[in-house]
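Chemist: here is the input, now give the coordinates:
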Amino acid sequence: MKITGNVVYQDIEGGFWGIVTDDQVQYEPIEGIPVSLQRNQTRVEAEVEPVQAISFRMWGQPVRVLTIHRV
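Modeler: Numbering: from 1, shown residues only. From the prediction side, this is the model:
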């Protein structure tokens with residue numbers, strides 16, 4: 001599925017980068033976000049697929065990022 005939103009840093013359980021879409025849906029990329037996009041409020045468009053994963057962070061829907069780029 002395609003999503004558009006902003007990269008956000010979450011200071012939970014050691015910290016991680018997530019994506020919050022325009023309609024406020026939170027996604028947690030299980031393999032992270034490229035370093036070049038790791039800046040708060042970086043606008044991105046991504047192709048993601050939901051995954052079944054157990055996350056101790058309890059923030060957002062776990063997804064695998066297939067493609068991602070700055071908008």
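Chemist: which stretches of the protein form strands?
Modeler: 2-10, 16-21, 26-29, 43-50, 61-70 (DSSP state E).
Chemist: now do the longest one: which elements does it pack against?
Modeler: Meaning strand 61-70. Judged by 3 or more C-beta pairs under 8 Å, 6 or more residues apart in numbering; DSSP states H and E, strand 61-70 is in contact with strand 26-29, strand 43-50. Just so you know, the C-beta spots here come from the backbone N, C-alpha and C atoms, and that holds for glycine as well.
Chemist: so which of the strands of the chain gets nearest S36?
Modeler: Shortest distance between S36 and the strands of the chain, using C-beta to C-beta, is found for strand 61-70: 8.2 Å.
Chemist: average model confidence for the closest one?
Modeler: In this model, strand 61-70 has a mean pLDDT of 97.
Chemist: quick revisit: okay if I get the strands of the chain as a markdown table plus distance to S36?
Modeler: Formatted as a markdown table, the strands of the chain follow (distance: least, C-beta to C-beta, whole Å):
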| stretch | distance to S36 |
| --- | --- |
| strand 2-10 | 11 |
| strand 16-21 | 12 |
| strand 26-29 | 14 |
| strand 43-50 | 11 |
| strand 61-70 | 8 |
